[in-house]
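Q: sequence first, then the predicted structure:
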Amino acid sequence: QIAYYKAELKITDAQATQWNAFADALRTNAGHLRQAMMTAREAQGAVTAPELMERRIAMLTELRDTMQAVLAAAKPLYATLSDEQRKAADALMAEHLTTMRARGM
């Protein structure tokens, strides 16, 4: 998916440093989010309503932290993008967030 984003955004050699930082943030934080989701799913046994709420809060906290880290890397990259690249980035992000909502994140 990262390679797809890079191709869709038509990242130039001049933007490579910012792109690489952004891609690294995506990789790192996607791993953290995946781990949080797996931990939530692996819990066995009867779960009380308060425990369900705690799990949801933990998941949403991880999602917030992930998004903040990715945003920190995205801002410098976005600043280097042309108007055409920004339109593509805006569309890709809207699509990504829609997919996340559909998954219940």
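A: Sure thing, it's come through.
Q: so residue 11 makes contact with residue 20?
A: No: in this structure residue 11 lies outside contact range of residue 20 using Cβ atoms under 8 Å: 9.5 Å. The way it works is simple: take the backbone N, C-alpha and C, and place the C-beta from them, glycine included.
Q: these two: which has the busier surroundings?
A: Comparing residue 11 with residue 20 by other Cβ atoms under 10 Å, the one with more neighbours is residue 11, at 20 against 14.
Q: look up which helix or strand that one falls in, please.
A: According to DSSP states H and E, residue 11 maps onto no helix or strand at all.
Q: please name the nearest non-neighbouring residue to it.
A: Distance criterion Cβ to Cβ, 6 or more residues apart in numbering; nearest residue to residue 11, sequence neighbours excluded, is residue 19 at 4.7 Å.
Q: looking at this structure, which residue lies furthest from center?
A: residue 46 (30.8 Å; Cα atoms, centre = their mean).
Q: can you get me a residue count around residue 30?
A: Residue 30: 14 surrounding residues under other Cβ under 10 Å.
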